[in-house]
Every structure is written in C-alpha cells, then in structure tokens.
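Novice: Whatever this is, show me its structure:
(3 chains)
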Amino acid sequence: MSNSTRAFVGMQNKYDRVVLLVDMDCFFCQVEEKQHPEYQGKPLAVVQYNPWRGGGIIAVNYAARAKGVTRHMRGDEAKELCHDIILCKVPNIREKADTSKYRDAGKEVANVLQRFTQLLERASVDEAYLDITETVNQRVEQLQTGSFALKPEELVNCHAVGYDNIGEYVNKITNRFANPYVDDERYVLAYDPNDLPAVRQSDLRLLIGACIAGEVRAAVKAETGYECSAGIAHNKILAKLAAGMNKPNKQTILPLAQIPPLFDQLPVGKIKGMGGKFGETVCETLGVKFLGQVLKYSEKDLQRKLDEKSGTWLHNIARGIDLEAVTPRFYSKSIGCCKKFPGRNNITGLKTLQHWLGELASEINDRLEKDFIENNRKAKQMVVQYVQDIDGQEVASSRSMPLNQCDQETLVKQSLELIKTNTKTFLRPGSEAALNNAIKFLGISVGKFESASSAQNSLQTMFANQAAKKRRISVEEGVEKPVVVVEQTKPKQTEGGKMKSFFANYLQARKEEHNGTDKVDKMPSEEGLPKEETKSDKLAEETATPLNASEARKKSFFESFKKKMMDESVPKDSSDDKATPTSTPPEFRESFFVKYLKQQREVKKDAEQSNENTSKADNSSEMQDLAAELDDIESTNNEPQQTYESVPPEQSNNYNPQQEVVALPSPEQPSTSKRKLEQQNASETATLTDFTNTYVEYARPELRPGLISFVKCEECGAQIPDDVKALQTHRDHHFAQQLNRQLRSEQREEAQRSRLNATKTTAASPPAKPVPAKKAKKASGATAAPTTTPKPVNSITKFLAPKQPLEPPPSCSNAPMELCAECKTYVKSVDMPEHLDFHMAKKLQRELNQLEVRTIITATNKKSTPPPANKKLNSTLNSTSANHSITKFFTQSN
DNA sequence: CTTGGATGGATCA
DNA sequence: TTGATCCAT
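Specialist: Sure, this is the predicted structure:
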C-alpha cells in the first residue's frame, strides 16, 4: 500500500490543478555559502573528494558559471577559467564522500515547503513538487468576495512564458475581466468545449499560483537563507519545464496558450523523461526534433511506433497534458550508498572487499539509526549492487535479501554472502584471499521500510480503515475523480475597469513613494554588469546608501540583462561583449530558451502591429504603460522599504504589512449546470478523503504551522488552515505523534538496555538522546532550563479534550455543524458519525497500547516549539492582508 | 585513475 | 517479487 506507484488524475481534470516545482539554485553551493558567509558573492564550486585533477565538480554557483565553469569539469580546469574560484570539498567520512550535509539542508527546505501543502513530493534532495490546487481555489473564492487581492509586488522575479514581463500577463488577465469571452473564439478552435471553463480560468489560477510560489520562495529564503527557482503550471512536466526557463532566483508561469508555440521549437529532450535513450528513440522513429512535431501523429500511430503506454503518454505530453499526480512523499523509500573503484582501485582481495563492505554498511547503519529516530521505521530489505570485471567486461549485478537486523555486521555478512553465492567462481582457484573477478563498483542499499512497532501498524490500519470507509461513501455518491474543479457561480459585469484602476492607483501610489527614483532614464548603454556587481549593490543598500546611484545601476542591470537576452542570437558576440564576458552566463548563450524568448518577441511585435486596430478600443496603450511601470517596480522594488530586521529586504517586500490592499473584482462567470457543480463539490470532498488516506503515512506532524492558515493550534502554536477537517486532522496528528513518541521512547530504552548489556558499562549514559542536537540554531541558546523540562505524557488527554471549546469556525461552507462532546470541536454534521468513529478508534488504541503516564525524552520537543523565525514570519503574516482579508471574508459571507 | 560520483526513483520482463 | 536498466540531479 505504501508502495502505491504513480497515481493519475482523470483526463477531464487536466487543467484543474496548479502544480509548483521548486528547484534550489546550485544547492550544494548555497549550502557551502551559508556555512561560510565569507564566501558569499564569490565564485564557488563544490568538488567531490577525488584528489585527481582537483576533484570532480558537482555544483557551480552563478558567479563561477559566469566564468564558464560547469559541472563535469575537474577542479583544475575550473581554476584555469576562474583563478579565484573557491573549491569546496564534499566532506570525506569513511574514505568516501559524505553528502549528509546537503541531505539535511534539503530537509530543512522541505520542512518549509511542507507548510504550504500536504501534497508535497520531494523529487530529489533539492527539488520538490507542490500541488497547490486547493489553496489556489480558496483564493479564487476569496478573490470573488473581495477578501483577497493580488498584489503586484508579490510578482517580482516572476515571468510568464510568451510575455515580455509579468505585467503584460497581468494585463492580459485584466482585459479578460472586462470582456470574459474575448478569447473564446480562439479557445473554441483549440480546446474541447468541455474544457472551456477550465481554460478560461487557467491564466488567473496560474497567476494566483505564482503569488503562492512567491510566498513559498520568500519563506524558504527567510527561514533557511536559500534561494530557489520555481515553475508554475497545470502539471508536473510543465512546471518542471517552466522552472528551468528563468534561473536563478526566479519563477516562471507556463500559460496554457503558450504551450503550442513553445513546443513548436522545444527540443524533445528538454522534457523530463526524454533526455535519454527514450527521447532519442522517439526522435529517430518519428523523425522529429521538436515536441510540437509529434502532434502530427495520432495516438494510435504513436502507440504502434513506440508502445501502447509510451504512445499515449507522448500523445498527451505533446499537448501539454500530464496526468501524473503529485504523490505526497517526504521521506525517501530507500537509503543507500555506493562507491566506485576505478582502475587500479579495483577490489581484488577478499579482505579489501570486506573492508569496503564494512564502510558502506557503517554508513548505512548510521543513517538508518537517524532515520529510525525520526520516522520510527525499519528497513526490511537490503540490496547489494556490484560491478565485476569479468574478462574485461563490466558486469553489473544486484541481489536482494530480507532484513531482520540492520547492524553493520549483519549487513556486511549478508552482502558478502550474496556476492559470493551469485558469482560462479568467487575466489581465484588455489587462493584463499584473491577474488576471481575484480570489483569495480560496490553499493548497499536498504528499503522496504515498515513501521517499527506493531502498535504503530495498528494505528495505521486504523487510519487506513477510516480512509477506506470514506472512499466507500464517496463511491456511493458517485464520485470517482479526486480533483477539485473550480467553478464560479456569480456572474458579475463591469468589474474590469475596477481592476485596472486598482493597478493604476497602486502604481500611482508607488510612484509617489519612490518619488523621482523611478524616473531615472534607462541606461541601455551600460550593458553587461557582471553579477558580482548586483550583489555588491545589495550590500550597498544595506549600508544605507539607497538613492539614485545604486538604484540606477540596478535598474540598468535589469535592462541590460533583458537587452542581452533579446540581442542574443543576432550576430555572434561583438568585441564589446568580450570586454564584459561575465554578463551572461555561458549556458544562456546557446540556451534554447533564449532563442525561444527572442523569437517570441519578434512574433509578438508583428502581432501587435497587426492587432493594433482590434484592441485599440480597449485602451491597450494605457495597459502597456501599466505594464511598463509594473516592470519598473520590479527593479525598484528591491529597495528596502521599511525596517525589517533579520528579514532580507528582497523577501520582506513580499510581506509588507503597510501595503495597501485593494480587492480584485471577480471575473465574469461561464454558465454552469447545477448538476455539474454538485459533482464538483462532491469531488472536492473526495480530494480530502483521498488525502487523509495517505496522511498518516507521509505527513510530518511537527511541521504544520501554515502560512496560509488562519487558526492557531493551542497545542503547538501551529497555524492551521481554517477548515474543520484540517483542524481535526491536525489534532489527530498530535495524538498520533504523542503515541509515536511514546513508542519510540520505549524502543530507545529497550535498545539502550540491550546495548548496555552487550557492551559492559560505559559511563552513566543519560537517557538516550535521540536527536543529535546538531543544528546550531540561533534560538537554541535561550531555551535552556524551564522550557525544555519534559512534558508529562498525560497531556495526551489534552488532545481529546481541549481546554475550551473552539469557536464554531465561521462557516467555510454552509454545512450545518455540531459540537462534538468528546473533543469539544465543531464538526460538520455529515461528518459526525465518522468523527465519533475516530474517537472510538482512539480509545481502542489507547487500551491496546496500555498507555501509561511516562516521561518524554526531552530532545524530541525541539520541533514542537517552532523556531523564532517561524514565529516572526507568522506574526508578520498575520498582520498582513491575508489575515485582514480573511476576517473580511467571514464577515461578508455571513 | 578512463572518461560524471553518489544517490534515489521508476519501469519492465 | 526480483534483477536489470534507465533516468535525473
């Protein structure tokens, strides 16, 4: 069940989701820069230990990329290109590279991301997909009631494919408010009529997604110090594609309408999954280079030429359709490590083999231990992988074996045994110590995790049963597809003008605020300021020399950067270019995207000219001005505006509480049949149901103060999305967590006991210290004595009976509510039976585990009190429009 | 020292 | 389920 392979959404929901891909910029480098602040702003690369030729480069920061340093290079080569480059070595433990530092950093980031959605899928150490559909939908509603407003300054560093700047994209949407059906003629030609409602809303919803993306990235930066790029689109493939189009520290929307022109020139290999053999096969067998060319084949054709599954997949992908769901996963399914033994380092002796197996097993062991403490799970399977040299040929093999214990010795013994029994002649004939086949690669990995205790298992099955029950209910209601569809109800006219004036007012206000500074003339001649310059600009600002000088330079940087992009593929570089070779990162020069963008501009100019007469009526020139000004804001807005201690200025302006907030009018509604609407409502609950199904398994209970949330959990201070279900789930989680702690602490004590028994007596060991207390966080010093005193576990009762009944949540929906006698919370009447079932299950569980009052290990509390950064952020947020508008929302809706 | 190491996920027979 | 292979970062 935990191995649920990919899930997919239904074809009818292809445009309904909003998916975010967050990709950390040169992540390993950022980790090093954070660790060594003195490196900030300097060219830097991370190399892997290998002393040969300066080590292999696995990450390059942008300052170094500007000088031509790339991955795959050796450290020495990098030095030649960039004499002052800083080469950070990956730490070496056990004679092999140790990347745990970066794994930890990745987790730190993921913890922040997790707050924004429970549908978080970690794709690698530095990438994650977020399905933010629900939040977007909420905001669409709030937009309609006027309780949420888009704020242009949240869109700094935001791009939309096919548009010169985000302002134009906003304008496009704005125009549609004025005339909702303005694009329908084109839509009808390009899309299935059934998709029209979704298509009409697509741009707006993506824009809202971009706002959220901005918040996400700002939170990541504020709380971890790391910068990232993001893509916003309707599915994973597109989000991933978009994220790569503007980097670093930028985000990109991929609008639906831009897919065809983009794909016409998009090399097939740019799509995730087609960068390798499969992509080549596709190109060869279809005789295509660009994804758009695939359109000429029917699905049947593709299935015939490739295979059924790939054919269908490709057919969809070529149309920008990707149905793969964002599958929530926070922790990896396996833990492994490996090492190459090239050339003379081939392992040829039994002793050596044992040695290295020991090293690998030792690392696995360490990481498993850590994992156990965090996740209370144990690996049930191990896999040995190895590459042997069999008369000159490299032969790869892997063998697996069930696992009961995972101590180092067992791992070594078993892996050795596996290799032995799967090699025809393991030892060289006549020798006791020499291997017959040299080993060139060795790896051990463990997986097939199971919860450590049976109690935990029963808790999970309890949740699973509950989920199953919900599913049955859903099925009875005739709901199949778990995707929320937004459909609006109240048609409104005449709002477009209001929105325009909002932006106009906004811009006016800004102009006054920045009096004079944004009237600085553009300085296109000042081309190609190197990146380092911008960083020093930032510094200059911080040291309070804000005015025209740095402003103008920054602005000219933006201008020149854009100009660069436009001039890109015209002639090769002029001699001028050589004078400032660092202005454009080399990978940009030949980048497909650069060419695409440039081409788009040309196309656009043509279109504008030919369209002039048609759109003239709609004061398009005015909108263009707005766009230009919005663009200006993008460059001027990086000025620190108020005093934000500790929050970097670039981020803080996303959260400016002083910001004027003006409601956005709601868009005109496409007509909708009631029946369909009902279905959609039903499917919304289905989404929630589906989520709880996986909730226990994946979610991290400690990490759920929400940025978009409205209610504070009394237990942990977390901000909880203000819907009943989320509240209840959150409470349930405290319960489960408490249970977990209990069990873990038991486990640890037991482990401690047996260890003590085994290894005589070491000094009086303190009651197992589960969390390595490694992170030297800023705030840890303050909370020394009283706050960290162990909390008695009997507080578990608190979860069942909160101190005072919560206020009935202001109706998110109009569903009737009831007060649960058991937990004093308000629950939808419809959900009450199920809710009571849950209490029953909890009681059962308690009895099952014979919960007693015990003390809790101190260190586990660490996470339950959010670090000050969180607090600050949350309080900041609470004072912003989000909070303000939500109250407005409630008062209005009642 | 052989052509990018280490790591993790997914697919398919 | 397992082992081989591919893919991506």
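
Novice: What residues does chain A have near DNA strand C?
Specialist: Within reach of DNA strand C by CB under 7 Å from any atom of the strand, chain A has these residues: A:3, A:124, A:126-127, A:240, A:272-279, A:381, A:383, A:385, A:396-400, A:402. (Glycine included, C-beta is placed from N, CA and C.)

Novice: Can you say which of those residues are buried?
Specialist: When these are checked for burial by 16 or more other CB atoms under 10 Å, the buried set is A:126, A:127, A:240, A:272, A:274, A:279, A:383, A:385, A:399.

Novice: which one of these is nearest residue A:165?
Specialist: Distance to residue A:165 across these (CB to CB) is lowest for residue A:240, with 22.7 Å.

Novice: Please identify which helix or strand holds that closest one.
Specialist: Per DSSP states H and E, residue A:240 falls inside helix A:236-243.

Novice: Give the other helices and strands that that helix contacts.
Specialist: When contacts are defined as 3 or more CB pairs under 8 Å, 6 or more residues apart in numbering; DSSP states H and E, helix A:236-243 sits against strand A:19-24, strand A:228-233, strand A:251-253.

Novice: and the buried ones among the residues of chain A next to DNA strand C, which of them are in helices?
Specialist: The helices, defined by DSSP state H, take in A:240, A:279 from these.

Novice: which intervals of the stretch 451-600 of chain A have sub-threshold pLDDT?
Specialist: A:454-600 (pLDDT under 70).

Novice: Name the nearest residue to residue A:342, ignoring sequence neighbours.
Specialist: Leaving aside its sequence neighbours, residue A:342 sits nearest to residue A:440 (CB to CB, 6 or more residues apart in numbering; 6.6 Å).

Novice: Now for the one you found: which residues touch it?
Specialist: Residue A:440 is in contact with A:340, A:341, A:342, A:346, A:347, A:387, A:388, A:389, A:394, counting by CB atoms under 8 Å, 6 or more residues apart in numbering.

Novice: hang on, residue A:116 packs against residue A:212?
Specialist: Yes. Counting by CB atoms under 8 Å, residue A:212 is a contact partner of residue A:116 at 6.9 Å.

Novice: averaged over its residues, what pLDDT does stretch A:416-424 have?
Specialist: Regarding stretch A:416-424, the rounded mean pLDDT is 93.

Novice: Now do the buried residues in stretch A:292-309.
Specialist: So, applying 16+ other CB under 10 Å, buried residues of stretch A:292-309: A:292, A:293, A:294, A:297, A:302, A:303, A:306.

Novice: In helices only, show me the residues you listed.
Specialist: Among those, DSSP H puts A:302, A:303 in helices.

Novice: what's the closest of the buried residues of stretch A:292-309 to DNA strand C?
Specialist: residue A:306 (12.2 Å; CB to the nearest atom of the strand).

Novice: and the gap between the closest one and residue A:319?
Specialist: Residue A:306 sits 16 Å away from residue A:319, going by CB to CB, to the nearest Å.

Novice: Likewise for residue A:50?
Specialist: When residue A:50 is compared with residue A:319 (using CB to CB), they lie 45 Å apart.

Novice: Residue A:394 now?
Specialist: 41 Å.

Novice: more neighbours, these two?
Specialist: Per other CB atoms under 10 Å, whichever of residue A:394 and residue A:319 has more neighbours is residue A:319, with 16 against 10.

Novice: Now do the SS call for that one.
Specialist: Secondary structure, DSSP: H, G, I helix; E, B strand; the rest coil: residue A:319 is coil.

Novice: what's near enough to touch residue A:415?
Specialist: A:357, A:360, A:361, A:382, A:384, A:444.

Novice: Buried residues, stretch A:92-106. List them.
Specialist: Neighbour-count burial for stretch A:92-106 [16+ other CB under 10 Å]: A:96, A:97, A:98, A:99, A:102, A:105, A:106.

Novice: Is it positioned near DNA strand B?
Specialist: Yes. Stretch A:92-106 is in contact with DNA strand B by CB under 7 Å from any atom of the strand, via A:96, A:97, A:98, A:99, A:103.

Novice: Could you single out the nearest of those to DNA strand C?
Specialist: Of the residues of stretch A:92-106 next to DNA strand B, the one sitting nearest to DNA strand C (CB to the nearest atom of the strand) turns out to be residue A:99, at 10.2 Å.

Novice: quick one: contacts for that closest one?
Specialist: A:90, A:125 are the contacts of residue A:99 under CB under 8 Å, 6+ apart.

Novice: Can you tell me how far it is from residue A:136?
Specialist: Residue A:99 is 35 Å from residue A:136, by CB to CB.

Novice: as a whole number, average confidence for stretch A:297-309?
Specialist: Averaging pLDDT residue by residue across stretch A:297-309 gives 94.

Novice: Who is the residue in the stretch 351-500 of chain A that DNA strand B sits nearest to paired with across the strands?
Specialist: DNA strand B sits closest to residue A:445 of the stretch 351-500 of chain A, with a gap of 5.7 Å, by CB to the nearest atom of the strand. Legend: beta-bridge partners of residue A:445 under DSSP bridges are residue A:336, residue A:383.

Novice: can the buried ones among the residues of chain A next to DNA strand C go into TSV with extra columns for pLDDT and distance to DNA strand B?
Specialist: Putting those into TSV (pLDDT from 0 to 100; distance: CB to the nearest atom of the strand, whole Å) gives the following:
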residue	pLDDT	distance to DNA strand B
A:126	95	11
A:127	95	11
A:240	96	14
A:272	95	11
A:274	94	13
A:279	94	14
A:383	95	10
A:385	96	8
A:399	95	14
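
Novice: Show me which pair in the buried ones among the residues of chain A next to DNA strand C is furthest apart.
Specialist: A:240 and A:399 (33.9 Å).

Novice: tell me what the helix or strand residue A:46 falls within is packed against?
Specialist: If you go by DSSP H and E, residue A:46 is part of strand A:44-48. If contacts are counted by 3+ CB pairs under 8 Å, 6+ apart, strand A:44-48 sits against helix A:27-35, strand A:56-60, helix A:62-65, helix A:75-81, strand A:86-89.

Novice: Single out the most deeply packed of these.
Specialist: helix A:62-65 (a mean of 24; mean count of other CB atoms under 10 Å).

Novice: about what we covered before: A helix includes the residue nearest to residue A:342, no?
Specialist: No. Counting by three-state DSSP, residue A:440 is not part of a helix but strand.

Novice: so what pLDDT did it get?
Specialist: The score at residue A:440 is 95. That number is its pLDDT.

Novice: what's the answer for the one 10 residues further on, then?
Specialist: The per-residue pLDDT reported for residue A:450 equals 93.

Novice: Name the residues linked to it by a beta bridge.
Specialist: residue A:378.

Novice: I'd guessed it sits against residue A:377; true?
Specialist: Yes. The pair residue A:450 / residue A:377 is scored as a contact, 6.3 Å apart, by CB under 8 Å.
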